[in-house]
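Visitor: build the 3D model from these lines:
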Amino acid sequence: MEHPRPPLSFVLPKPAELSGVEASGFLDGNFEDLRDLLSRASNLTSRLKHDTSHLNDRLLHLRTDLTKHAVSWISTSLSAKNSLDDLKLSLESLSLVTSLPRSRTDAVRKQELQQLVDELCRIQNRRSYLVTALKLESLVGDLEDSVFHPMRGRSMLQDRVFKQERFTHAVKTMNEIEEVLGDVTRHHHSQWRRLVDTVDSRVDKSLSILRPQIIAEHRTLLSSLGWPPKLTFSKEDEGGREVSTSSSIPNPLVLMQGDQKESYSQSFLLLCGLQQLNTLKEKRKKLHKESSSGVGLWAIDELVIPVATRMEYHFMKWAEEPEFIFALVYKVTSDFADGVDDLLQPLIDRALLVSFSAKEAWVSAMVQMLSCFLEKKVFPGLIEMCKEKTKHMKPEGVSSWFHLVDQMVTFDKRMLIFVNSDTCLSYEGSSSVAAFSQGMSVMGIFCKRPEWLKTWGKIELKDAYRKLKEDIKKEKAWVGVDSEGARLGNESNSQSAKYVLSTRDDYKAPFVAESFISRTWTLIDHGLSIPTNLPRIQFVRATATKFLWYIFKTLLLEFKKIDLSDYSSFEDSLVQACGPINTARYLESKLREWSDDLVFVEMWDAEDTSVKVGRETEVSCHGCFFGEELKSLVELETNWLMEIITVCLQQFDDLCGDHFHNNAEPWEDEEVITVSRDVAEALDSLRRELSVLQLNMNRKDFLDMWRNLAEGLDHYVSCKFFAGEAVLLRRRFEVDAEALMMVFQPYCVRPGAFFPRVREILKLLSMNEEDKARLRGALSRNGSNCLSLFGISNLSCQLVEQFCRCY
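Guide: Presented below is the predicted three-dimensional model:
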């Protein structure tokens with residue numbers, strides 16, 4: 001039978017109780033003489049320190065066990081006390097109930113039960129608070145002991161191992177504390193705020209000491225591994241620039257083996273744990289914001305920082321030649337990406353960092369490093385050169401700006417292709433650019449610096465104005481397709497494909513229209529290279545939209561130069577008028593095509609949501625990004641077409657206006673009646689004008705134009721018919737009306753369908769006396785309700801009654 005172990009004594013002896021004899025005996029037992037004392041004193045000191053360290057560790061362990069036992073004992077005692085209190089309350093309630101009348105028993109019992117429930121809840125809440133506070137105190141105390149009282153006196157290798165263990169233990173403890181605080185915040189946030197704030201303060205104090213230590217240890221480890229690698233350059237080109245002679249740069253991370261690889265993996269996981277802890281704290285404090293740029297990892301940032309320091313030397317030499325800067329960054333990024341991905345992605349997965357990619361984090365860190373250099377060293381000088389102190393910006397500043405921006409856009413596209421090289425995604429159009437995150441785009445500089453975005457917009461817009469003015473001054477700027485080519489094109493096209501237009505030649509637009517489109521798209525394309533929506537919208541609105549309004553003004557001024565009132569050169573004026581009209585229609589088609597792109601749909605939705613721009617969504621041209629511009633363009637086209645139609649109608653009226661309302665000239669009973677001389681002249685002029693417009697105007701506008709012209713002539717002729725004083729000669733009007741409709745025979749199968757009023761007049765004239773009598777009777781009995789029975793729907797009842805009286 002085993003004897004019980006004697007209780008451990010945690011009370012240290014007082015110094016007075018230690019006699020000098022015991023001290024002398026201790027020294028005599030370890031040293032033989034004075035010489036032995038001098039030679040072995042240092043070893044004894046080290047051993048004593050080691051024993052002291054071991055005893056301190058044992059003391060800390062015992063203190064932790066004591067705290068845990070105390071928490072367990074308090075929890076048990078509280079449970080027992082609560083049970084006794086419940087029993088006491090139950091007995092008191094029982095005695096009270098038995099002593100009261102039954103009429104008052106129910107009310108008292110209900111009140112006491114409610115009080116009992118409230119008291120139990122209060123006790124439970126206090127108990128939970130006390131248990132949570134003790135648990136947090138134990139965890140925080142353990143954290144502070146590991147942070148503020150590190151052990152000393154170990155060898156370098158032992159010290160590094162111990163630091164890793166200490167850091168790992170501290171991070172694990174902070175995660176446990178964060179888990180408890182998260183539970184408290186979800187359930188008792190308002191009541192336990194002081195507890196949470198106190199713990200946060202103590203943990204943040206420990207974290208402020210621990211994080212620099214972990215980062216310093218990580219950087220020391222990287223340095224011992226040979227990171228950053230040397231960017232070896234061995235010769236110079238003709239311009240004195242250093243040129244690399246190796247195809248790729250060796251990656252020290254790939255060369256790690258054994259203990260080095262294990263040490264780096266543990267250090268990497270520590271940094272990942274710290275970042276995850278920081279993310280949890282921010283989410284709990286509601287400071288965490290999901291953003292497209294959140295692809296960075298602290299551990300990978302630590303890889304980039306020393307690389308950036310080494311690369312900055314080369315950057316400073318190439319400040320005037322940014323293409324070499326971008327080429328170097330791309331080379332370093334691509335050379336190390338596969339090694340980083342192969343080595344670090346498993347560690348990221350092991351650290352349970354969801355939705356993090358080692359390759360994307362590496363690319364993002366390198367791009368951000370380049371962005372910081374451009375923001376601090378390159379753009380400030382360009383901004384000074386491009387300041388508008390005078391009327392014109394400095395040409396060298398503008399050219400340098402354009403060169404740098406072009407290099408940035410090209411670099412972003414190459415990076416996008418590189419990042420998506422392992423997937424099925426590819427760079428096709430603007431939709432891929434929209435998906436490219438701000439953190440992985442060097443163009444994100446303009447998102448952080450709105451004043452630079454504004455300066456860029458001014459530079460782009462002024463350059464577009466200058467180039468457009470040069471394009472307009474060219475000799476053949478407003479020359480469209482030749483008439484012979486247009487005629488052959490009309491004859492060769494099939495009837496089904498006649499109105500399917502896509503190119504400038506299809507719209508018969510002049511050469512300057514292509515310049516309008518290309519200059520506008522250049523501004524838009526530069527704006528689409530910006531990675532986030534709102535800055536992109538601001539840039540496009542400040543450049544492309546303003547440029548479009550300038551184009552509209554140019555078209556309006558060009559149309560106003562045309563004199564349509566001069567009938568002697570009317571056909572030449574029509575040819576000139578087709579230029580602005582075709583250009584406007586071509587611009588409209590392109591704006592609608594761009595607006596249907598997914599990127600512009602998203603931009604319009606984002607603008608509508610954030611800026612709350614009022615739009616009439618029921619109007620088709622308004623429900624898109626270029627809605628206002630399309631509305632204005634359609635109004636210009638409509639006004640110009642109506643102006644041409646008005647002049648054509650006025651000319652028609654001048655040539656034959658008197659004939660239609662007074663053609664009661666002497667008429668003999670001839671079998672063949674020809675078209676009146678005035679009408680023939682007017683119809684011949686109308687036929688020539690329509691032929692000119694068909695050859696020089698785009699098909700869609702020509703279709704709208706001749707249909708509206710036919711409607712106007714129909715209204716004009718019918719009004720002249722009923723405004724005449726004398727009785728019109730029936731057969732003369734029939735011949736002239738048929739001739740008028742035949743003018744439109746080349747453009748439709750049934751021209752009479754576009755002259756409904758004239759067609760119904762001819763129908764009335766063709767009635768015999770019996771039908772006319774029935775029509776008069778029906779009008780007298782039913783009025784306008786009977787007209788549909790006689791196939792009349794476009795003439796009013798008054799006009800039909802007037803016809804019946806005159807004929």
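Visitor: so S190, which of the three states?
Guide: The assignment at S190 comes out as coil when based on DSSP: H, G, I helix; E, B strand; the rest coil.
Visitor: need the per-residue pLDDT for it.
Guide: Note on S190: pLDDT of 70.
Visitor: gap between it and N785?
Guide: 77 Å (C-beta to C-beta, to the nearest Å). Glycine gets a C-beta too; all of them are placed from N, C-alpha and C.
Visitor: so between these two, which is more surrounded?
Guide: N785 (11 against 6; other C-beta atoms under 10 Å).
Visitor: buried residues in the helix or strand harbouring E689, which are they?
Guide: Counting by DSSP states H and E, the element that carries E689 is helix 677-696. By neighbour count on 16 or more other C-beta atoms under 10 Å, the buried set for helix 677-696 is 678-679, 682-683, 685-686, 689-690, 692-696.
Visitor: tell me the one of these nearest G777?
Guide: Of all the buried residues of helix 677-696, G777 sits closest to V679, with 35.0 Å by C-beta to C-beta.
Visitor: could you check the angle the helix or strand just after the helix holding E689 makes with helix 677-696?
Guide: Next along the chain after helix 677-696, taking DSSP H and E as the criterion, comes helix 699-723. Angle, helix 699-723 to helix 677-696, by axes from the mean of the first three to the mean of the last three C-alpha atoms, to 10 degrees: 170 degrees.
Visitor: hang on, the earlier thing: from the buried residues of helix 677-696, which is closest to H169?
Guide: N696 (85.5 Å).
Visitor: distance of that closest one relative to N582?
Guide: 8 Å.
Visitor: mutual contacts of the two, please.
Guide: 480, 508 (C-beta atoms under 8 Å, 6 or more residues apart in numbering).
Visitor: before we move on, the earlier item: quick one: least confident of the buried residues of helix 677-696?
Guide: pLDDT across these is lowest for D678, at 83.
Visitor: skipping adjacent residues, who's closest to the most centrally placed residue in the chain in space?
Guide: Central residue of the chain (C-alpha atoms, centre = their mean): N533, 3.5 Å from the mean position. Excluding the flanking residues, the one nearest N533 by C-beta to C-beta, 6 or more residues apart in numbering is A606, at 4.4 Å.
Visitor: quick one: mean pLDDT over the helix or strand where the one you found lies.
Guide: Assigning secondary structure by DSSP H and E places A606 in helix 598-610. Here helix 598-610 scores 87 as its mean pLDDT.
Visitor: elements contacting it?
Guide: helix 430-435, helix 533-540, helix 570-595 (3 or more C-beta pairs under 8 Å, 6 or more residues apart in numbering; DSSP states H and E).
Visitor: buried residues, stretch 773-783. List them.
Guide: Going by neighbour count (16+ other C-beta under 10 Å), the buried part of stretch 773-783 is 775, 778-779.
Visitor: just those: which are in helices?
Guide: Assignment to helices by DSSP state H places the following of the buried residues of stretch 773-783 there: 775, 778-779.
Visitor: any low-confidence regions in the stretch 601-750 of the chain?
Guide: Applying pLDDT under 70 to the stretch 601-750 of the chain flags residues 610-622, 657-673, 724-730.
Visitor: run the last query once more with 90
Guide: 605-624, 653-680, 717-737 (pLDDT under 90).
Visitor: repeat for the stretch 51-200 of the chain
Guide: For the stretch 51-200 of the chain, the ranges with pLDDT under 90 are 51-133, 141-142, 144-166, 168, 182-196.
Visitor: that one: helices as residue ranges?
Guide: 102-148, 156-188, 193-224 (DSSP state H, counting those that start in this stretch).
Visitor: with the stretch 451-600 of the chain instead?
Guide: 483-492, 511-528, 533-540, 546-560, 570-595, 598-610.
Visitor: now the third one: average pLDDT?
Guide: Read it as helix 533-540. Here the average pLDDT along helix 533-540 is 94.
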